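J.: sequence plus predicted model, see below.
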Amino acid sequence: MQPVNDNQQVPVYPLEPDEATGNTLFRVYTYEGSLPNQSDLLIPHRKNHYLLVFIRRAGSRQWIDMTPYRLNDNTIYFTGPDQVIVKEEFRQLWSTGIAFTKEFLSLQENASLSRLPIIQNPRNGHELHLSEADVVFVEDILAKINAEYHQSSDWQQRMLAAYLTVLLTYLSRLYTEQFESKPVSTDKRLLQKYQATIDEHYRQLHQVSEYAALLNVSAGYLSETVKAQSGKPAITHIHERLVLEARRLLFHTQQSLKEIAFDLGFSDASYFNRFFKRETDLTPAEYRASIREMYQ
């Protein structure tokens with residue numbers, strides 16, 4: 001698998017169609033006691049697509065961002081295009097994975113899927129534990145998806161979308177139960193839009209007023225609403241997103257501090273150094289040294 005060159009320090013891996021189907025938007029992976037491709041073992045990377053994996057039996061470990069996950073039996077793991085993934089070890093694996101792109105979700109009949117909690121992932125979760133009844137349901141839908149995926153027809157895309165809708169809707173219900181989601185008010189929705197917009201533009205935009213303009217509200221109203229809904233000033237959300245990405249790059253790459261600073265939109269590396277120190281009580285160099293020593 002060749003990474004996409006998008007001028008970011010962490011390589012981005014595309015969804016590559018398998019030889020059997022040629023589908024460029026959707027793919028099914030099945031492992032029955034075999035070993036996955038080990039070419040990206042210990043290589044920090046992102047994917048340009050969503051990945052949902054039902055683990056029947058595993059035991060290996062991987063990192064999503066900076067959180068380690070020991071892959072548990074009868075558990076769903078899911079990631080989106082923004083997460084940094086590191087596969088720490090490979091063992092025999094019994095699983096079914098579903099990969100699909102943003103383009104697949106943007107198709108007219110699939111558009112509503114992009115708004116589901118499992119896709120938006122407001123709680124930044126990556127693991128869903130399944131009951132026995134959940135396992136039976138998930139296994140049934142995955143079997144239907146797998147059968148349709150390997151059956152070429154004019155209706156294949158619609159059938160895959162229909163089955164995926166059922167699966168993602170079911171998992172979204174589990175998501176809200178496991179992550180204690182509550183009904184979303186108008187103000188809470190503005191907070192979510194603000195956070196999503198930060199995710200898209202944090203490299204270029206560092207001021208609350210710039211995000212207010214994108215959201216068509218006044219900077220004062222946005223600041224008041226965000227503070228009331230989250231308990232944190234609006235500027236703090238921008239700073240936290242910058243710090244999160246800085247930590248990812250400091251931990252997962254060998255890029256220089258100057259390169260990381262410029263990638264995050266800081267024109268002056270010394271200002272980035274002061275910013276990171278102010279937010280974390282460590283300089284970028286101190287953080288890189290401490291985190292790598294911790295996980296050696």
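T.: Okay, I see it.
J.: how would you label residue 206: helix, strand or coil?
T.: Classification of residue 206 using DSSP: H, G, I helix; E, B strand; the rest coil returns coil.
J.: what's the nearest residue to residue 159 if we skip its chain neighbours?
T.: Distance criterion Cβ to Cβ, 6 or more residues apart in numbering; nearest residue to residue 159, sequence neighbours excluded, is residue 148 at 4.7 Å. To be clear about C-beta, it is placed using only N, CA and C from the backbone, and glycine gets the same treatment.
J.: show me what the one helix or strand that neighbour maps to is packed against.
T.: Assessed by DSSP states H and E, residue 148 sits inside helix 132-149. Applying 3 or more Cβ pairs under 8 Å, 6 or more residues apart in numbering; DSSP states H and E, we find helix 132-149 packed against strand 26-34, strand 49-57, strand 93-101, helix 156-178.
J.: out of these, which comes closest to residue 115?
T.: Nearest of those to residue 115, taken as Cβ to Cβ: helix 156-178 at 9.6 Å.
J.: quick check: next helix or strand after the closest one?
T.: In N-to-C order, the element after helix 156-178 by DSSP H and E is helix 186-201.
J.: list the buried residues for that following helix?
T.: 188, 190, 191, 194, 195, 197, 198, 201 (16 or more other Cβ atoms under 10 Å).
J.: determine which two of those are furthest apart.
T.: 188 and 201 (20.7 Å).
J.: which residues of the stretch 51-200 of the chain score low on pLDDT?
T.: By pLDDT under 70, the low-scoring segments of the stretch 51-200 of the chain are 90, 108-111, 181-184.
J.: at 80 instead, please
T.: 59, 65-67, 82, 88-91, 106-112, 180-185 (pLDDT under 80).
J.: hey, C-alpha coordinates of the helix holding residue 148 in CSV?
T.: Listed in CSV are the C-alpha atoms of helix 132-149, where the atom choice follows Å, rounded to 0.1, in the frame of the first residue of the first chain:
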residue,chain,number,x,y,z
GLU,A,132,-24.4,-11.9,22.9
ALA,A,133,-27.5,-10.5,21.1
ASP,A,134,-25.5,-7.7,19.5
VAL,A,135,-23.0,-10.3,18.2
VAL,A,136,-25.8,-12.3,16.6
PHE,A,137,-27.2,-9.1,14.9
VAL,A,138,-23.8,-7.9,13.7
GLU,A,139,-22.7,-11.3,12.4
ASP,A,140,-26.0,-11.5,10.4
ILE,A,141,-25.6,-8.1,8.8
LEU,A,142,-21.9,-8.6,8.1
ALA,A,143,-22.7,-11.9,6.4
LYS,A,144,-25.2,-10.1,4.1
ILE,A,145,-22.7,-7.4,3.3
ASN,A,146,-20.0,-9.9,2.5
ALA,A,147,-22.3,-11.9,0.2
GLU,A,148,-23.4,-8.8,-1.6
TYR,A,149,-19.9,-7.4,-1.9
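J.: contacting residues around it?
T.: Helix 132-149 has contacts (Cβ atoms under 8 Å, 6 or more residues apart in numbering) with 21, 23, 26-28, 30, 54, 74, 76, 96, 98, 130, 156, 159-160, 163-164, 166-167, 170-171, 174.
J.: could you break the chain into its assigned domains?
T.: Residue ranges for the domains of the chain, per automatic domain parsing: 12-178, 186-294.
J.: pull up the distance across the first one, start to finish.
T.: Translated: domain 12-178. By Cα to Cα, to the nearest Å, the extent of domain 12-178 from end to end equals 30 Å.
J.: before we move on, the earlier item: residue 48: which of the buried residues of helix 186-201 is nearest?
T.: residue 201 (18.2 Å).
J.: do you know the pLDDT at that closest one?
T.: As predicted, residue 201 sits at a pLDDT of 93.
J.: coming back round to it: return the distance of the residue nearest to residue 159 relative to residue 28.
T.: Distance of residue 148 to residue 28, given as Cβ to Cβ, to the nearest Å: 9 Å.
J.: how about residue 215?
T.: In terms of Cβ to Cβ, residue 215 sits 38 Å off from residue 28.
J.: out of the two, which sits in the busier spot?
T.: residue 28 (20 against 15; other Cβ atoms under 10 Å).
J.: surely the more buried one is in contact with residue 98?
T.: Yes. Counting by Cβ atoms under 8 Å, residue 98 is a contact partner of residue 28 at 6.1 Å.
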